[in-house]
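K.L.:
here is a sequence together with a model predicted from it:
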Amino acid sequence: MARAKKRSKRKRGGGRRIVVAAVAVALVLCGASVAVGVMNWFTRAYGEEITDDLRIEVLNGTGESGVGRLVARALMKRKVDVLFVDNADRFDYMETVIVARKRKPEIGSLAEMIGCRRVEQLKENGNVDATLIVGDDYRSLNLGLGSVSSLSE
């Protein structure tokens, strides 16, 4: 009879261990879920990384001094490899344009990420994957430049 009681106590103790283990696993999963959510929030709040495999050039098509450098810095914070910054062929671009030099899916991701509505395909250029021609709408792009008031820094 004494043996039967010991066995039943062992079974109850074993059941408790399973419950404690299940609760521990649930807490770990909840913690991981919260961590992923926080990381996603920080990414949205402070700028998403586009890709480090995309090499682009940034051309200022606004005529405003320093806009190309400003946009290039914002892109580099998102891990875009900006190889070259210069002026565009003219300064009357009303809208920002991405000129795809190579067929890479990251170019479409870049356009979507920054909110650029115009993407054009031109023949290949060996140095860069795409050219970003900055237009007068640069403050409305998703680069965190909406509050920029002076570029003379």
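P.N.:
All right, it came through fine.

K.L.:
can you give me the strands in this protein?
P.N.:
In the chain, the strands defined using DSSP state E lie at 55-60, 81-87, 97-100, 118-121, 130-134.

K.L.:
residue 26 is nearest to which of the ones you listed?
P.N.:
Nearest to residue 26 among the strands of the chain is strand 81-87 (42.4 Å), distances taken as CB to CB. Backbone N, C-alpha and C define where each C-beta goes, glycine included.

K.L.:
run me through the strand neighbours of that closest one, direction for each.
P.N.:
Strands that pair with strand 81-87, judged by DSSP bridges, come out as strand 55-60 (parallel).

K.L.:
neighbouring contacts of the partner strand?
P.N.:
By CB atoms under 8 Å, 6 or more residues apart in numbering, the residues outside strand 55-60 that reach it are 67-68, 71-72, 75, 80-89, 91, 110, 127-134.

K.L.:
ok, now with 6 Å
P.N.:
With CB atoms under 6 Å, 6 or more residues apart in numbering as the test, strand 55-60 has contacts from 67-68, 71-72, 81-88, 128-134.

K.L.:
same question, stretch 114-132
P.N.:
By CB under 6 Å, 6+ apart, the residues outside stretch 114-132 that reach it are 54-58, 83, 95-102, 104, 107, 111, 141-143.

K.L.:
okay, now the domains of this protein?
P.N.:
In the domain annotation for the chain, the residue ranges read 1-46, 55-140 (automatic domain parsing).

K.L.:
thanks again, I'm all set now.
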